[in-house]
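>>> need a structure here:
(one chain, ligands or ions: 1)
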Amino acid sequence: MKVLTTVKALQHQLKQPDKSPVGLVPTMGALHEGHLSLMKNAAADCPVIVVSIYVNPTQFNDKDDLRNYPRNLEKDLGMLATVLREDDIVFTPDDKEIYPQKDTRVFDFGNLDKVMEALHRPGHFNGVAQVVSRLFEIVKPDMAYFGIKDFQQVAVVRELVRQSGSGIRIVPNPIVREADGLAMSSRNQLLDPARRKEAPVIYRTISAASRMLRKNDIPEIKDFVKKEIERSGNFVLEYFEIVDDIELIPLKRKTEMKDSSKYYGCIAVRAGRIRLIDNIRILLV
Ligand code: PAF
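Residues are numbered from 1 along each chain as shown. A predicted model of the protein is given here:
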């Protein structure tokens, strides 16, 4: 693999052996098995992949979150060396490469950036759209790989591609979980030991919730989720919503569900200073 830090070097390298399709895996580093599974899937489809590692300041609405975000480039490169091939590229730009000028673009994603994460992280998806569109412009990938743990991010990026008409194929990848069920996340390493031990309650609860629709309506399911998550006093529920995967409209009653749509239960939990998110497919009964 080649590690490149400038847009110029990256674009020069991509022209060298002109291989296609080119796959892009955007990351903010602090890599884990979930990221590696994205890269393995990308490498299976594409003769050359670009993995970007860049902690994008414009998507952090909380300065402490940006400051505390885990960074360990040496360790990341070691992990990448186990999955990437000779021609694959690791792109580790600094702020000036990504934002040579201040990015003042304001995107409009309709309902997609008015629900769930957007209500708790104002401006987050605008920042994601800024950096992802810059990376698309720099790399010009044919396909781009994202984990569906960030369910709303996948919907926003799809809409970004639709609005730009770039035709980049967005490939969503399944959630990779720890042995105890906790969805892998770079933020898991920031959990204190007691909360880390209890964190599997999140997946356990949404799994139980996904089976409740037969006998219960949505308000009862939401009450159940809140009670289970907050039982120990170590976690606070920010939201649990059942939404379709296209418009992300939160359902109030199960009578609103349509056979033609796919539904997911999406959760965000505050664990002290750390936020954890997860989701699960909800089948119509
Ligand atoms: O999912 C992430 O890690 C980030 O939001 C992304 C897509 C790399 C943009 O900074």
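>>> got a list of what the residue nearest to E178 when sequence neighbours are not counted touches?
Distances taken as CB to CB, 6 or more residues apart in numbering put M184 closest to E178, at 6.3 Å, once the chain neighbours are dropped. C-beta: built from backbone N, CA, C; applies to glycine. Contacts for M184 (CB atoms under 8 Å, 6 or more residues apart in numbering) come out as 32-34, 149, 175-178.
>>> likewise P21?
Counting by CB under 8 Å, 6+ apart, P21 makes contact with 45-47, 141-143.
>>> what do you get if the cut-off is 7 Å, keeping everything else the same?
If you count contacts by CB atoms under 7 Å, 6 or more residues apart in numbering, P21 has them with 45-46, 142-143.
>>> possible to save those residues as JSON lines with pLDDT and neighbour count?
Listed next are the contacts of P21 as JSON lines, based on pLDDT from 0 to 100; neighbours: other CB atoms under 10 Å:
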{"residue": "D45", "pLDDT": "98", "neighbour count": "14"}
{"residue": "C46", "pLDDT": "98", "neighbour count": "22"}
{"residue": "D142", "pLDDT": "98", "neighbour count": "15"}
{"residue": "M143", "pLDDT": "98", "neighbour count": "19"}
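>>> which of these lies closest to the ligand?
The closest of the contacts of P21 to the ligand turns out to be M143 (CB to the nearest ligand atom; 14.4 Å).
>>> Spatially nearest residue to the closest one, not counting backbone neighbours?
Nearest non-adjacent residue to M143, counting by CB to CB, 6+ apart: R169, 4.5 Å away.
>>> now I274, which residues is it bridged with?
A271 (DSSP bridges).
>>> these two touch, right, it and S186?
No - the criterion here is CB atoms under 7 Å, and I274 misses it with S186 at 10.6 Å.
>>> Run through who's touching the host helix or strand of I242.
I242 is located in strand 236-244, with elements delineated by DSSP states H and E. Outside strand 236-244, the residues that touch it by CB under 7 Å, 6+ apart are 116, 120, 218, 222, 225-226, 229-230, 249-251, 261-270, 282.
>>> Sheet-wise, list the partners of it with their directions.
The strands that strand 236-244 pairs with in its sheet are strand 263-271 (antiparallel) (by DSSP bridges).
>>> picking up where we left off before, mind checking how far the residue nearest to E178 is from the ligand?
In this view, M184 and the ligand are 12 Å apart by CB to the nearest ligand atom, to the nearest Å.
>>> cool, and L10?
Applying CB to the nearest ligand atom to L10 and the ligand gives a distance of 16 Å.
>>> Let me know the pLDDT of that residue.
We have a pLDDT of 98 for L10.
>>> same thing with P70?
Predicted confidence (pLDDT) for P70: 95.
>>> That one sits in which helix or strand?
With DSSP H and E as the criterion, the answer for P70 is that it lies in no helix or strand.
>>> same check, this time on V225
Assigned by DSSP H and E, V225 falls within helix 218-230.
>>> Quick check: mean pLDDT of that helix?
Helix 218-230 shows a mean pLDDT of 98.
>>> Check which helices and strands it sits against.
For helix 218-230, the packing partners by 3 or more CB pairs under 7 Å, 6 or more residues apart in numbering; DSSP states H and E come out as helix 201-210, strand 236-244.
>>> what does the protein put close to the ligand?
Selection of the chain residues close to the ligand by CB under 6 Å from any ligand atom yields 26-28, 56, 59, 128, 131-132, 150, 153.
>>> Tell me which helix or strand comes right after the top helix by length along the chain.
Using DSSP state H, we find that the single longest helix of the chain is helix 124-139. Counting by DSSP H and E, the next helix or strand C-terminal to helix 124-139 is strand 143-147.
>>> Show me what that following strand pairs with in its sheet, parallel or antiparallel.
strand 22-27 (parallel), strand 169-173 (parallel).
>>> which stretches of the stretch 1-150 of the chain aren't confidently modelled?
Counting by pLDDT under 70, the stretch 1-150 of the chain contains no low-confidence range.
>>> A strand includes L276, no?
Yes - counting by DSSP: H, G, I helix; E, B strand; the rest coil, L276 is found in a strand.
>>> Now do the same for the nearest residue in space to it that is not next to it in sequence: its pLDDT.
Excluding the flanking residues, the one nearest L276 by CB to CB, 6+ apart is V269, at 5.0 Å. Listed pLDDT for V269 reads 98.
>>> what sits against V269?
202, 229, 235-238, 276.
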